[in-house]
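1. here's a sequence, model it:
(2 chains)
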Amino acid sequence: MSARAAQCPNCGGEVRFLTGASLVSICPQCKSAIARKGANLEAIGKVAELVPTSSPFKVGMDARPQKGTRPFHIAGRLQLSTGEGTWDEWYVGFTDGTWGWLAEAQGGFWLMTPVKPPQVPAYEQLQPGETLDLGAYGSFAIVEAREATYASAEGELPFAAPPGSVFRYADLSGADGSLATLDYGDGPGLDGFYVGKPVALASLGIAELVAWSDRTVSVKALALNCPNCGGALQLKNPANTVRIACPFCGSLLGSADRTDQGPPSKFTVLEKLAAVPFKPALPLGAEGTLRGDKYAILGAVQKATSSGGEDYFWTEYLLKDEKSEAYHWLAESNGHYTLLEPVPAGEVTDGPRVAVFHGNSYRVFSRSQALVAGVLGEFYWAVKAGETTEATDYIKPPRMLSKEKAKKEIAWTEGAYVPPEEIAAAFALKKPLPPPEGVGTCQPWPHSQTSHLWWRTAWLLSVAAIVVYFLAKLLTPHAVVYDQTFDLTDPQRAIYSVRGGASSTSADWTQGGATPAPSPANPTAAREAAEAALSASRVLISEPFETKRGANLAVDLWAPTNNTWVQVEFDLISEATGDVRSFDLISDRYSGVDGGESWSEGSQNRRIFVPRIPPGRWILRLDPESEAGKAPPSFRVRLTSGVPHVSHLILVILFLLLVPTLLVFSRFAFEGRRWAESDFTTAGAGRESDDSDDK
Amino acid sequence: MRRIFQVFGGTLLLAYSLAAFSGWEMAGNTKRNTLPPGARNAGGYRTWHFWSGGK
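-> Residues are numbered from 1 along each chain as shown, chains lettered A, B, ... in the order given. Next up, the predicted model:
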């Protein structure tokens, strides 16, 4: 840094060049812009009066930032205007002799330094929303391409353009959060290229900074009366307010000449309305802490879109974050609220069906032409009814990513759903907000947490039930109480004998009984008698066996059936009480090849559980039957007492999962109601609509 | 609601544990009868005509 004092060629007052890179110094006495041309000084014009703004910076401030940023000195201030608003850019000199800009936009701050300009398209070819590949600098999204007037300045400047010059520029947003500016100046070529990163006000290490809410700004009144209706207007952001829409009469107030070169010193009526255009649910001017940040509600914009011949309205509240000084939005639709904050366009990857931000994919939900239907409150730009933008919402409930595209700029905001009760509590509303209607665009499913807990509980209990099953299988005294294999020795007569035969014989089966004599006069009786005799000849009676404990009894039937079957009717008889349990099992396995493909069906193994068998002695009566001439060589019967039943385990698990499963259906229904309001399907495809032109 | 579900689930698990360890069985696909004393006296369950007579 070098210091050089000289006389102003216009008024003779002292002008100083404190920064080596400075080419112009504004004479503090006569406001002339004094350019340094070699050893000579030349007045190249006069700057206008500075428009008071609420910027936290002043020329002469020194910054001792935290690590990662070099210390710097604020050497000058450039005030620019697009005609819709005025902002400051601060010329800073670093301690190593280099220089840069401390830029402000929408309450955010960026520290930018000049770098070698890359190859870029002509200014006229730039389209907001498009991506520029700047080689080694990376890819940048075009956020804004505008013209701005060099309105005023103070201190020093690093360029020698005369005051009043019109610059063309484009702001770019990088994927890593960086910001870049293409400075096309007033000629066809690129004059400069600046790249920088966002900086937090608190991290700059500027001792003299004053909090936004405590900052006194120029002579602007915090309170004034509407020149149309006389209503008392309490301004929250007077230093930046360009337009006021009176909340009492709806009149639009601004500067008389409509130059919009910053906040006017006196507000006049620009447009009278017969009535307030809409009634916001939230009181303008209210302050509150929402999700950890303190906000003031500055204004409300009612927007509208048409679809299917119907108009749909929603409200967007302009919030001022009192700590970061950024402008945020609180969008309200059908009583559902979403808190949104600006995000760099370069960090968003935009596709036809999804948009990706910070690694999260958001599905496209709606796209419409949004019309400003009405405004109320104070605004830092020259807002007016009738403006349109293309608004696209992408959702990942409870979060939303929103794109608003105008002719010259594109803006992305991202945020989360906020329940109305939280809004009411944050701004200490005396009355509760109207209950929301339907499902909000990014409203989270209300049972999400419950469902998660229930699923977790259900899984834990299910695992416990499985453990209980295996413990019971291992530890309970289940025992085989009967196990016998029977041979089919004479299929022609269908008489069976017991293999290893310690129990019954065929003689036993007919014991004690007299076969009813068939009568020639009654053929039916004769046939039935023959069948009964045949059946009796098949019946097996086991030796008594004992069950030791009251429990179930698993009865297993196995036979080497191969394209045949054997069916056994069982009667389990208590010797003590005559209690009889009757059931049947069939072993049938068929297989073959059909059309070159092998198939099989049935099973050689069958099992049935007989409930509540008390301890005692039991007899088993079996009545096997098979296909004539195709009987399997044998079948085996095994009875096991006290067997844990796996179907019980399955039933328990199904019961445990029943309620969580119902919640899944509830969620599907909820999402169905949400997407019924969308312009797109859940897959992101556009829906057929009569008013496709509106989309 | 979570507490209700925990109580419901815990009760279900307890009931299942008792059933598993005691060998309890629900009424299955079996029929239950009592052998008539007369049939038992006339040769009992080993007589073929009782089993074929009323079936």
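2. find me the pLDDT at the residue of the stretch 201-350 of chain A found nearest chain B, would you?
-> Residue nearest to chain B within the stretch 201-350 of chain A (CB to the nearest CB): residue A:336, separated by 23.8 Å. C-betas here are computed from N, CA, C, even on glycine. Note for residue A:336: predicted pLDDT of 96.
3. mind jotting down where the strands sit in chain B?
-> In chain B, the segments counted as strands under DSSP state E are B:31-34.
4. can you show me the helices along it?
-> With helices called from DSSP state H, chain B shows them at B:2-22, B:37-41, B:48-53.
5. which residues of chain A score low on pLDDT?
-> A:1-3, A:84-85, A:106, A:211-222, A:256-263, A:265, A:489-521, A:528-537, A:682-695 (pLDDT under 70).
6. tell me the domain ranges of it?
-> A:4-209, A:223-426, A:448-475+A:648-676, A:479-643 (automatic domain parsing).
7. to residue B:26, which of the ones you listed lies closest?
-> Evaluated over those, closeness to residue B:26 peaks at domain A:479-643, with 6.2 Å, by CB to CB.
8. neighbours around residue A:232, how many?
-> Using other CB atoms under 10 Å in any protein chain shown, residue A:232 has 9 other residues around it.
9. looking at it, it is touching residue A:223, isn't it?
-> Yes: Residue A:232 lies in contact with residue A:223 (CB atoms under 8 Å); the separation is 6.5 Å.
10. list the contacts for residue A:72?
-> With contact taken as CB atoms under 8 Å, 6 or more residues apart in numbering or on different chains, residue A:72 is in contact with A:62, A:63, A:65, A:92, A:93, A:94, A:95, A:100, A:102.
11. tell me what it is bridged to.
-> On the basis of DSSP bridges, residue A:72 is bridged to residue A:63, residue A:94.
12. against chain B, how distant is it?
-> 56 Å (CB to the nearest CB, to the nearest Å).
13. distance check, that residue against residue A:463.
-> For residue A:72, the distance to residue A:463 equals 61 Å [CB to CB, to the nearest Å].
14. does whatever helix or strand residue A:456 lives in reach chain B?
-> Following DSSP states H and E, one finds residue A:456 within helix A:448-475. Yes: legend: contact between helix A:448-475 and chain B by CB under 8 Å from any CB of the partner chain is shown at A:450, A:453-454, A:457-458, A:461, A:464-465, A:468-469, A:471-472, A:475.
15. mind putting those into JSON lines with neighbour count and distance to residue A:279?
-> As requested, those are arranged in JSON lines below (neighbours: other CB atoms under 10 Å in any protein chain shown; distance: CB to CB, whole Å):
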{"residue": "A:450", "neighbour count": "16", "distance to residue A:279": "36"}
{"residue": "A:453", "neighbour count": "16", "distance to residue A:279": "40"}
{"residue": "A:454", "neighbour count": "23", "distance to residue A:279": "42"}
{"residue": "A:457", "neighbour count": "19", "distance to residue A:279": "46"}
{"residue": "A:458", "neighbour count": "20", "distance to residue A:279": "47"}
{"residue": "A:461", "neighbour count": "23", "distance to residue A:279": "52"}
{"residue": "A:464", "neighbour count": "17", "distance to residue A:279": "57"}
{"residue": "A:465", "neighbour count": "23", "distance to residue A:279": "57"}
{"residue": "A:468", "neighbour count": "21", "distance to residue A:279": "62"}
{"residue": "A:469", "neighbour count": "21", "distance to residue A:279": "64"}
{"residue": "A:471", "neighbour count": "14", "distance to residue A:279": "67"}
{"residue": "A:472", "neighbour count": "24", "distance to residue A:279": "68"}
{"residue": "A:475", "neighbour count": "11", "distance to residue A:279": "72"}
